[in-house]
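> Need a 3D model of the sequence below.
(one chain, ligands or ions: 2)
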Amino acid sequence: MQPFTYVIAPSAEAVPAALADSRTRILAGGTTIYDLMKLGLEAPATLLDITAIPGLDGIQVTEGQLVFGALARMSDAAAHPEVLRRCPVLAESLNRAASQQLRNMATLGGNLLQRTRCAYFRNGPDYPCNKRVPGSGCAAQEGLDRGHALFGGSEACIAVYPGDWAVALVAMDAALDLLGPGGSRSLPVSSLHRLPGDAPERETVLQPGEMIQRIRVPLGRLGEASTYHKIRDRESYAFALVSAAVALDLDGGVVRQARIALGGVATRPWRVPEAEAALIGRRMDAALAAEAGRLAFTGAQPGRHNGFKMELGARTVADALLIAASRSGMP
Ligand SMILES: Cc1cc2nc3c(=O)[nH]c(=O)nc-3n(C[C@H](O)[C@H](O)[C@H](O)COP(=O)(O)OP(=O)(O)OC[C@H]3O[C@@H](n4cnc5c(N)ncnc54)[C@H](O)[C@@H]3O)c2cc1C
Ligand code: SF4
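Ligands and ions are numbered 1, 2, ... in the order given. A predicted model of the protein is given here:
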């Protein structure tokens, strides 16, 4: 690892100016950035520790929304009684991520900005990887693609976005409060992550100098009947093979509103509006859930080793819908 300077940010307002030096990186929980530095994927001259900034580690329930400070720890948000009661999909997405020790360190803002687990990206430089070295090629296209994307890939890159929390946030129409050199702005979480296109090295739409301050999630009936269903190679401490964040608003068993987002199968958190629309006005039961699961994978583009995720994913969505429905009082 290259030597670096460690600096403590005194306030949020000081962060954009400090990031004007493009060799400075934010340090929050450190569970991703240090890994990237050890792997040679990041070599900052300065790490700017933002964890002492006051007021960004809280979780508030206000009129109609949950507000998470970017520095709130994953474990605190996952165990928060109001998050568990009002929006279980959020708590479950956090609780099923990483390990307890990691969740105790990792922050909600840092979680959103984790990078792909594509082995060719992380284990270079022996493999071509456009994300690591733009223009070098993509080893996964003709290589081992079991963990790669069925949706949103390009010729340049098919790496999966690995996180769980962002998938749940996208299902719940959450938004970010950002602070940058030009002031504050709001951004839907669904717009944060870019498709790889021909520039897979650019993963988000964050502007130079911007930091995430807060995450806002609207509250309502949808959140209460929600779940995060995550299928992985082992039941703990593993990234998703497939996951589904699902929320329902049912009226006597008939679907009024539905949200479905997929994880583990796309280059960014992946909403499936066609599958959501197919549910509206219909009585939720196992047959309808299975139909929506199949619809969610329409248009998937499997590679050589990941086609099994289509059936697995359809069943994951179907099971998630039935779990969410049971939380709205349906048997
Ligand atoms: C072994 C292992 C297993 C894991 N398993 C899972 C899993 O199953 N599911 C899952 O979702 N995640 C998983 N993770 C990822 C883990 O959740 C993330 O490492 C963690 O959430 C990152 O948060 P952090 O606060 O430690 O971020 P840091 O490492 O401090 O920062 C991460 C990145 O975000 C930037 N950053 C941090 N905060 C901000 C901010 N407020 N504004 C702008 N930029 C910021 C940093 O500069 C850095 O680039 C795993 C990680 C490990 C190491
Ligand atoms: S899928 Fe993306 S990250 Fe993986 S080798 Fe190809 S370009 Fe690199």
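> residues touching the residue most central in space within the chain, list them.
Nearest to the geometric centre of the chain sits Ala166, at 2.5 Å (CA atoms, centre = their mean). Residues near Ala166 by CB atoms under 8 Å, 6 or more residues apart in numbering: Asn111, Leu112, Val189, Leu192, His193, Gly263, Pro269. For every residue, glycine as well, the C-beta is placed using N, CA and C.
> where does it fall, helix, sheet strand or coil?
Classification of Ala166 by DSSP: H, G, I helix; E, B strand; the rest coil places it in helix.
> and His80, what does it touch?
Contacts for His80 were tallied using CB under 8 Å, 6+ apart; they are Ile59, Ala91.
> Oops, could you answer that again for Arg132 instead?
By CB under 8 Å, 6+ apart, the residues touching Arg132 are Leu41, Phe121, Gly124, Pro125, Glu201.
> Of these, keep whichever come out buried.
Neighbour-count burial (16 or more other CB atoms under 10 Å) is assigned, among the contacts of Arg132, to Phe121, Gly124.
> List the ones among the contacts of Arg132 that fall in helices.
Counting by DSSP state H, the part of the contacts of Arg132 found in helices is Phe121.
> now the closest residue to Ile8 other than its chain neighbours, which residues is it bridged with?
Nearest non-adjacent residue to Ile8, counting by CB to CB, 6 or more residues apart in numbering: Asp49, 4.9 Å away. Residues in a beta bridge with Asp49, per DSSP bridges, are Ile8, Leu27.
> Do I have it right that Asp49 meets Thr5?
No: look at Asp49 against Thr5 with CB atoms under 8 Å: they stay out of range, at 10.9 Å.
> Comparing these two, which residue is more hemmed in?
Counted by other CB atoms under 10 Å, Asp49 and Thr5 do not tie: Asp49 has more neighbours, with 14 against 11.
> got a pLDDT number for that one?
Listed pLDDT for Asp49 reads 98.
> Which residues of the stretch 1-150 of the chain lie near ligand 2?
Within the stretch 1-150 of the chain, the positions adjacent to ligand 2 are Thr116, Cys118, Tyr120, Phe121, Cys129, Asn130, Lys131, Cys138, Ala139, Ala140 by CB under 6 Å from any ligand atom.
> what's the closest non-adjacent residue to the residue in the stretch 101-250 of the chain positioned nearest to ligand 1?
In the stretch 101-250 of the chain, the residue that lies nearest ligand 1 is Gly110 (2.2 Å; CB to the nearest ligand atom). Excluding the flanking residues, the one nearest Gly110 by CB to CB, 6+ apart is Ala28, at 4.0 Å.
> again, but for Asp198
Ala156 (5.1 Å).
> For the one you found, give its distance to ligand 2.
6 Å (CB to the nearest ligand atom, to the nearest Å).
> same deal with Phe308?
18 Å.
> now Arg25
20 Å.
> for the residue nearest to that residue when sequence neighbours are not counted, what are its contacts?
In this structure, Arg25 finds its nearest non-sequential neighbour in Pro44, 4.0 Å apart by CB to CB, 6+ apart. Shown in contact with Pro44 (CB under 8 Å, 6+ apart): Phe4, Arg23, Thr24, Arg25, Met37.
> One more: Lys230?
By CB under 8 Å, 6+ apart, the contact list for Lys230 reads Glu92, Ser93, Arg96, Asp164, Ala240, Val242, Ser243, Gly263, Gly264.
> All set now, cheers.
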